[in-house]
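Novice: coords please:
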Amino acid sequence: EQAIARVGELRARRTELEGRAALHKALDDHLKANEIVAWIQEEALARLAAAGSRHLSQLSQGRYELRLGAGDAEPATRAEQDYYAVDHWGGDAVRSVRTLSGGETFLASLGLALALAESLAELSTGGRAAEALESLFLDEGFGTLDNETLDVVVAALDALHGGRRLVGIVTHVRELAERLPARLEVRRIGSVSTAAVV
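Specialist: Numbers count the residues shown, from 1 in each chain. All right, here's what the predicted structure looks like:
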């Protein structure tokens with residue numbers, strides 16, 4: 001009877017030690033240099049997706065949000081560390097960002113760029129991101145947009161400006177330039193460049 005009781009105690013102790021060993025193994029795996037970097041990257045991508053999603057929702061008038069991975073509730077595995085768009089105007093369909101049109105891709109990229117700029121500003125200013133992001137300059141990216149998408153982009157940039165930021169655009173697309181409230185036109189004649197405020 002004593003031996004049977006002792007076997008029971010040893011089995012319970014063995015189960016406890018195996019659980020602790022599994023935990024230590026998992027910690028060891030995660031703390032290896034490549035694993036800790038991957039974990040930090042996963043966390044950064046997830047945060048960027050959440051912040052970019054807020055901007056994209058505003059820029060797309062509530063149509064799109066971003067998520068990391070295609071799953072609904074499960075966090076993205078390393079194999080699916082890609083951004084997906086949720087289309088709220090299309091029955092909340094989840095699709096790869098690679099399937100977005102040129103204008104939609106521009107808005108998604110702009111949302112992510114704003115999120116990244118603000119997260120960098122938070123790191124550098126101790127949390128005063130709103131103060132740090134006073135201006136934004138976009139260099140090109142408009143040449144492939146059709147007129148309808150150009151309208152969406154101009155409206156989105158106007159909403160983004162909202163009186164809080166200076167938004168500067170560098171473009172060779174005359175249709176876009178003519179829709180902006182103020183312009184600095186640079187012209188080149190021979191080897192001389194001149195600038196005029198319009």
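Novice: pull out the buried positions in stretch 106-113.
Specialist: Of the residues in stretch 106-113, 106-112 count as buried by neighbour count, 16 or more other CB atoms under 10 Å. From N, CA and C alone the C-beta is placed, and that goes for glycine too.
Novice: can you lay out the residues you listed as CSV showing distance to R6 and secondary structure?
Specialist: Listed next are the buried residues of stretch 106-113 as CSV, based on distance: CB to CB, whole Å; DSSP: H, G, I helix; E, B strand; the rest coil:
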residue, distance to R6, secondary structure
F106, 71, helix
L107, 69, helix
A108, 64, helix
S109, 66, helix
L110, 68, helix
G111, 64, helix
L112, 61, helix
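Novice: of all those, which two lie farthest apart?
Specialist: Across the buried residues of stretch 106-113, the longest distance by CB to CB is 11.0 Å; it joins F106 and L112.
Novice: circling back: quick check, nearest of the buried residues of stretch 106-113 to R98?
Specialist: A108 (10.6 Å).
Novice: look up how far L17 lies from that closest one.
Specialist: Counting by CB to CB, to the nearest Å, the separation of A108 from L17 is 49 Å.
Novice: could you do Y64 as well?
Specialist: The value you get for Y64 to L17, if CB to CB is used, is 50 Å.
Novice: which one of those two is surrounded by more residues?
Specialist: Neighbours per residue, other CB atoms under 10 Å: of Y64 and L17, the larger number sits with Y64, 22 against 10.
Novice: which residues touch that one?
Specialist: 56-57, 85-88, 104, 107-108 (CB atoms under 8 Å, 6 or more residues apart in numbering).
Novice: same thing but 7 Å
Specialist: Counting by CB atoms under 7 Å, 6 or more residues apart in numbering, Y64 touches 56-57, 85-87, 108.
Novice: pLDDT wise, what is it at?
Specialist: Note on Y64: pLDDT of 93.
Novice: can you tell me who L184 pairs with across the strands?
Specialist: Note on L184: beta-bridge partners by DSSP bridges are V197.
Novice: tally of neighbours for it?
Specialist: Residues near L184, counting by other CB under 10 Å, number 11.
Novice: repeat for V173
Specialist: Neighbour count for V173, taken as other CB under 10 Å: 16.
Novice: any idea how far it is from T149?
Specialist: In terms of CB to CB, V173 sits 12 Å off from T149.
Novice: repeat that for E175.
Specialist: Separation of E175 from T149 (CB to CB): 11 Å.
Novice: who's more crowded, the two?
Specialist: The neighbour comparison of E175 against T149 (other CB under 10 Å) goes to T149, with 18 against 13.
Novice: would you confirm that the more buried one contacts G103?
Specialist: Yes - in this structure, T149 is within contact of G103 by CB atoms under 7 Å, at 3.0 Å.
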